[in-house]
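A.B. asks: predicted structure and sequence below. I'll ask about it afterward.
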Amino acid sequence: MSMEKQLVELESVWNDELQVCQSIEDLESVRLKYLGRKSGLIHQLLRALGTLDLEEKKKFGARINHLKQAVQEAVEQKQSHLSSGPSEKTIDTFDPTLPGKAPNNGHVHPITIVMNDIIEIFRGMGFDLATGPEVETDYYNFEALNIPKDHPARDMQDTFYLSDDLVLRTHTSPVQIRVMESQQPPIRIIAPGKVYRRDADVSHTPMFHQVEGLIVDTSITMGNLMSVLDQFLKEIFSKNVQTRFRPSYFSFTEPSAEVDISCVFCSQKGCRVCKGSGWLEILGAGMVDPAVFSSVKYDSEKFTGFAFGLGVERIAMLKYGINDIRLFFENDMRFLRQF
Ligand code: DAH
């Protein structure tokens, strides 16, 4: 066989032979076949160079040396690859009956679970969903809600200001204004979403979730407010909870109420969570203030309405018996997996 033919054949097969090697032993025999000092194919070719004339010696010599170098490098590479991989021994003792690694399934965050529960209950009562921006103007977040310029909520200490006129909304109440501006009564909406306040301790995080509610029609009464919220609280906690409405103050409602439920931990015997009172404060509500109606150009002689706002984290903490709100947002899987 001519030198040319032998060389072409070697060049075309060596790499395939090398790549199929599964062990150091296989590799060694391939190495010997090509690079062996005495009978290696490449050395045989080098020896055969002596029979050629000068011109051919030069031409084939360079090609053979090039091939030799390529084979050497590939052998070294394969060697380190084989010795770093699993040894044959571990392959032999692989036990296919051992249990596999369980995949890490994702699931719904506890706040989302409770948020969805709340939304479902109100949808069942015929409420529609509304949303609004988390970056709000001073007007929607405060002014239109009858929150006066000197109100503490407007303090830099409590509110994240983005500019003189822009804030991260401190509550979902501005959605009330946006909805009333865009449609006429009857209105029956809830507005779930994120809100922001400069506050952080066991019961406050700078971002948390609220659900706002608003009903406006021609003859809405405080009795309607009480029955809707009573029904909601019985559905979200348990049909055995008692509700209590205490007079309170919000600038956008008049009269205003704070709503309590009987303590879900001690059945009103008095415990650490309810501080011995037997009651847990759960949400704020009231009849829409005529000043708010006039911001949206509703006739307050013709229409009445009620509004409420509740904190989702607070409800989730009471439902699941969690005493530190920050746990929801630390993303510790040992906590999150429990829901
Ligand atoms: N916006 C109030 C807050 O964040 C909650 C609230 C109270 C909303 C009474 C209402 C309401 O709609 O009527 O503290």
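C.D. replies: Looks like it came in fine.

A.B. asks: give me the element the residue nearest to Phe250 when sequence neighbours are not counted is part of.
C.D. replies: Using CB to CB, 6 or more residues apart in numbering and skipping the chain neighbours, the partner closest in space to Phe250 is Ser256 (4.5 Å). (C-beta placed from N, C-alpha, C; glycine too.) Using DSSP states H and E, Ser256 sits in strand 253-262.

A.B. asks: cool, and Cys21?
C.D. replies: Going by DSSP H and E, Cys21 is not in any helix or strand.

A.B. asks: still on that earlier bit, the residue nearest to Phe250 touches Gly286, doesn't it?
C.D. replies: Yes: Ser256 lies in contact with Gly286 (CB atoms under 8 Å); the separation is 3.6 Å.

A.B. asks: so these two - more neighbours on which side?
C.D. replies: Gly286 (25 against 18; other CB atoms under 10 Å).

A.B. asks: following element in sequence after the helix or strand where that one lies, please.
C.D. replies: Using DSSP H and E, Gly286 falls within strand 279-288. The helix or strand immediately downstream of strand 279-288 is helix 290-295, counting by DSSP H and E.

A.B. asks: that following helix near the ligand at all?
C.D. replies: No: taking CB under 6 Å from any ligand atom as the criterion, helix 290-295 and the ligand are apart, separated by no less than 9.7 Å.

A.B. asks: in that helix, what's buried?
C.D. replies: Residues of helix 290-295 classed as buried: Pro290, Val292, Phe293, Ser295 (neighbour count, 16 or more other CB atoms under 10 Å).

A.B. asks: ok, now which ones touch the residue nearest in space to the middle of the chain?
C.D. replies: Nearest to the mean C-alpha position of the chain, counting by CA atoms, centre = their mean, stands His109 at 7.8 Å. Residues counted as contacts of His109 (CB atoms under 8 Å, 6 or more residues apart in numbering) are Phe328, Leu336, Phe339.

A.B. asks: can you check Ala144 too?
C.D. replies: Counting by CB under 8 Å, 6+ apart, the residues that Ala144 touches are Pro174, Ile177, Val292, Ser295, Val296.

A.B. asks: could you redo the last one with a cut-off of 7 Å?
C.D. replies: Ile177, Val292, Ser295 (CB atoms under 7 Å, 6 or more residues apart in numbering).

A.B. asks: let me know the closest of those to Gly305.
C.D. replies: Val292 (8.9 Å; CB to CB).

A.B. asks: now that closest one: closest residue in space, sequence neighbours ignored.
C.D. replies: Per CB to CB, 6+ apart, closest to Val292 is Phe252, 5.0 Å.

A.B. asks: give me the distance between the one you found and Ser203.
C.D. replies: Distance, Phe252 to Ser203, by CB to CB, to the nearest Å: 24 Å.

A.B. asks: for the two, indicate the residue with more neighbours.
C.D. replies: Phe252 (23 against 15).

A.B. asks: list the contacts for that one?
C.D. replies: Leu145, Asn146, Ser173, Asp289, Val292, Ala307.

A.B. asks: check Val71 too.
C.D. replies: Trp14, Tyr34, Leu35, Ile42.

A.B. asks: make it 10 Å
C.D. replies: 10-11, 14-15, 18, 30-31, 33-35, 40-42 (CB atoms under 10 Å, 6 or more residues apart in numbering).

A.B. asks: so which strand or helix has it?
C.D. replies: helix 54-84.

A.B. asks: before we move on, back to that, between the buried residues of helix 290-295, which is nearest the ligand?
C.D. replies: Comparing the buried residues of helix 290-295 against the ligand with CB to the nearest ligand atom places Val292 closest, at 9.7 Å.

A.B. asks: please look at that closest one and Phe306 and confirm they touch.
C.D. replies: No: at 11.6 Å, Val292 and Phe306 do not qualify as touching, with contact defined as CB atoms under 10 Å.

A.B. asks: overlap in contacts, those two.
C.D. replies: Joint contacts of Val292 and Phe306 (CB under 10 Å, 6+ apart) are Leu214, Thr253.

A.B. asks: lovely, talk soon.
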